[in-house]
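Sequence first, predicted model second:
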Amino acid sequence: MTAPLSAPDPTTQPRQFLEYLYHAAVTRALPLHNTAAYLPQPPKGRTIVLGAGKAGGSMAQAVEAHWPADAPLGGLVVTRYHHIPPRPAGLPQRIEVVEASHPVPDAAGLAAAQRILALTQGLTKDDLVLCLISGGGSALLTLPVEGLSLQEKQGINQALLDSGANIGEMNCVRKHLSRIKGGRLAAACAPARVVTLTISDVPGDDPSVIASGPTVPDASSCADALAILKRYAIAVPAGVRAQLESGVFETPKPGHPAFNGHAVQLIATPQQSLEAAAAAARAAGLSAYILSDEMEGESREVGKVHAALARAVAKKGQPFQKPCVILSGGETTVTIRPRQPGAAKGRGGRAGEFCMGLALALQGQAGVYALAADTDGIDGVEDNAGAFVAPDTLQRALASGMKLDAYLDRNDAYGFFERLGDLLITGPTHTNVNDFRALLILQ
């Protein structure tokens, strides 16, 4: 992903200016810029690096770049396919990085989780385990509980993704159906000290939710997981349900001695990235306002709310004076609608769905431009990071024979914005601090 060295003129290049703000947000969250200050001193014994997430490859490289050359270092990190960044010239590889599937786990992720758990064997109190955790780790670090096959775990994961459940709910279920998440990885590392460096991709920055918290205590319960499965009508094998009901799959709780002496450091957060984008907008002469970094809800509905605010600013100068930029983050959801017989499957993710809801509600409001994108560079499972909206979005769609309502009905944001030439395609950014949304209001 490349961006201009200086800010484009927002009045003549609104789309390029919004992409510039996105680049500022992503740059703030890159591990190489944020890791050194949080690294512990090398221990008396070994240092083992374990990790999982979309930023795993870049986090591993950041550790390698800043760890003393004469101090032993090794380990294993799993990241998403095609998310290993190019290796800087002259930087020796000391940490193995492998790839697996996201958002639905696969056999490669299972094998990586088994290897990571095996690396905890034989650790002593003189050893250090440095855990690198980022968003996406829940799918990448998959090790199902006894009695649950990988295929069954994949089905449950896909059902959760399609249900509209929020990230906290999904990860509560994942923790209780895993042998490595929900604090179990940290428990396996005893008696070694564990230091977790994490990049937050969840509203509220709760480390127990990020990648389903493999190295931190879990306050949720088997009963909570059962309630979520019931709420969204998601089936699990009878034997697994019985184990949940009996509490056999309970996770280590706060206060458990396995976590004594452990430390967790947040090295990048959504709020920091939004603040970086706001600073870039202000430096370009615009007022900038951050609504929240914790927004949740149905993507299309959140888009409608943003549209109402943008229209109020554009038409009434309330609650903000124009020209301005309005920013928000968080993690919205998309509930997949049933398809009509013979209808093509929709393509797209949260950012694109937000943009469709926004465009529909804006109804061509003059002077309002927007970009919504995922900071990892991938919106859902497609090759785009997100999409742009402009005052002429609906007009151009109608001229092309497209009805936005129809695309919304089948959750086909990719198809809609691809035909308009309004997709943002960056490739993997090698970090992940969740949703980025920016509205530019000029007149």
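Yes, it's here.

Verify the stated contact: residue 362 with residue 355.
No. Using CB atoms under 8 Å, residue 362 makes no contact with residue 355, being 10.2 Å away. No exception for glycine: its C-beta is placed from N, CA and C like everyone else's.

Overlap of the contact sets of those two?
Counting by CB atoms under 8 Å, 6 or more residues apart in numbering, the shared contacts of residue 362 and residue 355 are residue 389.

Who has more neighbours out of those two?
Higher neighbour count among residue 362 and residue 355: residue 355, with 32 against 26, using other CB atoms under 10 Å.

can you give me phi and psi for that one?
phi -60, psi -40 (degrees, to the nearest 10).

so what's it up against?
Taking CB under 8 Å, 6+ apart, one finds 303, 370, 372, 386, 387, 388, 389, 413, 417 in contact with residue 355.

got TSV for these, with secondary structure and distance to residue 210 too?
Converted to TSV, those look like this (DSSP: H, G, I helix; E, B strand; the rest coil; distance: CB to CB, whole Å):
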residue	secondary structure	distance to residue 210
303	helix	25
370	strand	27
372	strand	22
386	strand	21
387	strand	26
388	strand	29
389	strand	30
413	helix	26
417	helix	29
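
now that we have the residues you listed, which one has the most neighbours?
Ranking the contacts of residue 355 using other CB under 10 Å puts residue 372 first, with 35 neighbours.

That residue reaches residue 386, doesn't it?
Yes. With contacts counted by CB under 8 Å, residue 372 reaches residue 386, the gap being 4.9 Å.

Quickly list what's touching both of those two.
351, 352, 355, 436.

Can you tell me which of the contacts of residue 355 comes closest to residue 22?
residue 386 (8.0 Å; CB to CB).

Around the residue lying closest to the closest one once chain neighbours are set aside, count how many other residues there are.
Leaving out its chain neighbours, the residue that sits closest to residue 386 by CB to CB, 6 or more residues apart in numbering is residue 373, at 2.8 Å. Residues lying near residue 373 (other CB under 10 Å) number 33.

Model confidence for residue 373, exactly?
You'll see residue 373 listed with a pLDDT of 98.

which SSE is it in?
strand 368-374 (DSSP states H and E).

contact partners of that strand?
With CB under 8 Å, 6+ apart as the criterion, strand 368-374 contacts 14-15, 18-19, 21-22, 303, 306, 310-311, 314, 349-352, 354-355, 358, 362, 379, 385-391, 424, 426, 432, 434-442.

so residue 215 touches residue 186, yeah?
Yes. At 4.1 Å, residue 215 and residue 186 qualify as touching, with contact defined as CB under 8 Å.

ok so, going back, dump the contacts of residue 355 to TSV, plus distance to residue 42.
Shown next, in TSV, are those (distance: CB to CB, whole Å):
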residue	distance to residue 42
303	48
370	47
372	42
386	40
387	45
388	47
389	50
413	47
417	48
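
Go through these and name the one nearest residue 179.
Of all the contacts of residue 355, residue 386 has the smallest distance to residue 179: 35.0 Å, by CB to CB.

Tell me if I'm right that that closest one and residue 351 touch.
Yes. The pair residue 386 / residue 351 is scored as a contact, 3.6 Å apart, by CB under 8 Å.

remind me which residues of the stretch 201-350 of the chain are low pLDDT?
339-344 (pLDDT under 70).

all strands of the stretch 201-350 of the chain, in order?
Ranges of strands in the stretch 201-350 of the chain, per DSSP state E, counting those that start in this stretch, are 263-268, 287-290, 324-330.

Which one of those lies nearest to residue 229?
Across these, closest to residue 229 is strand 324-330 (CB to CB), at 24.2 Å.

Which elements pack onto the closest one?
helix 270-283, strand 287-290, helix 299-316, strand 435-441 (3 or more CB pairs under 8 Å, 6 or more residues apart in numbering; DSSP states H and E).

average pLDDT for the last one?
Rounded to a whole number, the mean pLDDT of strand 435-441 is 98.

what sits against residue 367?
314, 322, 391, 441, 442, 443.

Ranking by neighbours, what's the top pick from the residues you listed?
Counting by other CB under 10 Å, top hit in those: residue 441 with 27 neighbours.

surely it meets residue 314?
Yes. Contact criterion CB under 8 Å: residue 441 and residue 314 qualify, at 5.4 Å.

what about residue 97, which helix or strand?
strand 96-100.

Please name the strands paired to that strand in the sheet, noting orientation.
strand 74-80 (parallel) (DSSP bridges).

now what about the partner strand, what contacts it?
46-57, 59-60, 94-102, 108-109, 112-113, 115-116, 119, 130, 132, 136, 140-141, 378, 428.

Just the ones of those residues in helices?
56, 57, 59, 60, 108, 109, 112, 113, 115, 116, 140 (DSSP state H).
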